[in-house]
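Take this sequence and fold it.
(one chain, ligands or ions: 1)
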Amino acid sequence: MSAAPASLCQLPPYHQHPRCCLFTKLSVLTMPEYKLIYFNSRGRAELARWICAYGNIPYTDERIPKADWPSRKPGISGGKLPVLMVDGKQLPESLAIARYLAKQAKLVPDDDFDAAVCDALVDTLSEMMVQVYKTMFAAAGDEEEKKKTYKEELYPNVIAPVLVRLNERLSKREWFIVDKVTWADLAIGLMFGGLKMKQPEILKGFPAVEAHVNKILQIPKIKQWNDSQGPEETF
Ligand SMILES: N[C@@H](CCC(=O)N[C@@H](CS)C(=O)NCC(=O)O)C(=O)O
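Numbers count the residues shown, from 1 in each chain. As a prediction, the model looks like this:
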């Protein structure tokens, strides 16, 4: 009597299938070689670093010492960092870099509209951070002036309006857009986690954002990355 044909249920799980393993090995071999070039600080490169940490994306994390920058600047596209080298080609602009890596890390939603909502949030957060840096650097040196600017301008006009919208949204859902983490969620954790280190009270009154930031910071690969980081160079 001939043996009954193997049913689909008897096949090994997909990820254990020999052809799937071969596919996984080939896709690692065909992955571009990445080098992220920035200064020795979190700044505009950190979202890309978090995405690589989360997605296990191998890359060289080149940090140019401040003293070497004048001699390196002419060789950098647009003369600004970060730049991502992809098989020797330069990709400038921090958000284009982060979005590109987020696609590799499967941190961009499949649906185009959902993906665009993620872009919109990251743009909003990035614009907010530009204003924060501009205002704080404009008031640099004078600590009293900085405190006044933060309290009277930055917090009420720039930061709080973003927090109000985000808190409303996050109080109704587990993740920012779909039913799993995206690069927009990582951006929330990174930007507000960073601001909270400087202004510990910043998330007071926004419990859903605070819980979200804590959740992102506790993602094992993100926590492991943050714990592994040494001191930054100050500018
Ligand atoms: N829009 C660009 C801005 C890049 C930028 O301003 N980079 C700064 C560091 S955060 C820089 O390279 N400064 C050095 C210089 O301009 O010489 C991006 O988001 O990547």
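
Which of the three states applies to Arg63?
strand (DSSP: H, G, I helix; E, B strand; the rest coil).

Just give me the neighbour total for the closest residue to it other than its chain neighbours.
Distances taken as Cβ to Cβ, 6 or more residues apart in numbering place Asn40 nearest to Arg63, at 4.0 Å, with adjacent residues excluded. C-beta: built from backbone N, CA, C; applies to glycine. Applying other Cβ atoms under 10 Å, we find 18 residues neighbouring Asn40.

Surely Asn40 and Thr234 touch.
No: using Cβ atoms under 8 Å as the test, Asn40 is too far from Thr234 to be in contact (9.5 Å).

Tell me the spatial nearest neighbour of Lys106, not counting adjacent residues.
Ranked by Cβ to Cβ, 6+ apart and with sequence neighbours excluded, the top spatial neighbour of Lys106 is Gly55, at 6.9 Å.

Would you agree the one you found is in contact with Val108?
No: using Cβ under 8 Å, Gly55 is not in contact with Val108; the gap is 10.9 Å.

Now do the shared contacts for those two.
Ala102 (Cβ atoms under 8 Å, 6 or more residues apart in numbering).

Leaving out the residues flanking it, which one is nearest to the residue nearest the centre of the chain?
With distances taken as Cα atoms, centre = their mean, Leu47 lies nearest the centre of the chain, 2.6 Å away. Nearest residue to Leu47, sequence neighbours excluded (Cβ to Cβ, 6+ apart): Ala98, at 4.5 Å.

residue contacts, the one you found?
With Cβ under 8 Å, 6+ apart, Ala98 has these contacts: Leu47, Ala48, Ile51, Val122, Trp183, Ala187.

Distance check, the third one against the ligand.
As for Ile51, its distance to the ligand is 15 Å (criterion: Cβ to the nearest ligand atom, to the nearest Å).

Which residues are in contact with that residue?
Contacts for Ile51 (Cβ under 8 Å, 6+ apart) come out as Ile57, Ala98, Leu101, Ala102, Ala105, Leu107, Trp183, Leu186.

isn't the fifth one right up against Gly55?
Yes: between Ala105 and Gly55 there is a contact at 2.6 Å, judged by Cβ under 8 Å.

More neighbours: which of the two?
Between Ala105 and Gly55, counted using other Cβ under 10 Å, Ala105 has the larger neighbour count: 20 against 16.

Could you see whether the ligand lies near the strand or helix carrying Lys134?
Counting by DSSP states H and E, the element that carries Lys134 is helix 112-138. No: under the criterion of Cβ under 6 Å from any ligand atom, the ligand is not reached by helix 112-138; the shortest gap measures 7.2 Å.

Can you name the next helix or strand after that helix?
Next helix or strand after helix 112-138 toward the C-terminus (DSSP H and E): helix 143-149.

which is the next helix or strand following that following helix?
helix 160-170.

Would you mind pulling the contact partners of that following helix?
124-125, 128, 176, 188, 192, 203, 206-209, 211-212.

Please apply the same query to stretch 134-151.
Under the criterion Cβ under 8 Å, 6+ apart, residues Glu153, Leu154, Val158, Gln199 lie in contact with stretch 134-151.

quick one: which of the residues you listed has the most company?
Counting by other Cβ under 10 Å, top hit in the contacts of stretch 134-151: Leu154 with 20 neighbours.

Enumerate every residue touching it.
Gln131, Val132, Thr135, Met136.

Please tabulate those residues in CSV, including the columns neighbour count and pLDDT.
Compiled in CSV, the contacts of Leu154 are given as follows (neighbours: other Cβ atoms under 10 Å; pLDDT from 0 to 100):
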residue, neighbour count, pLDDT
Gln131, 15, 94
Val132, 20, 93
Thr135, 16, 84
Met136, 14, 80
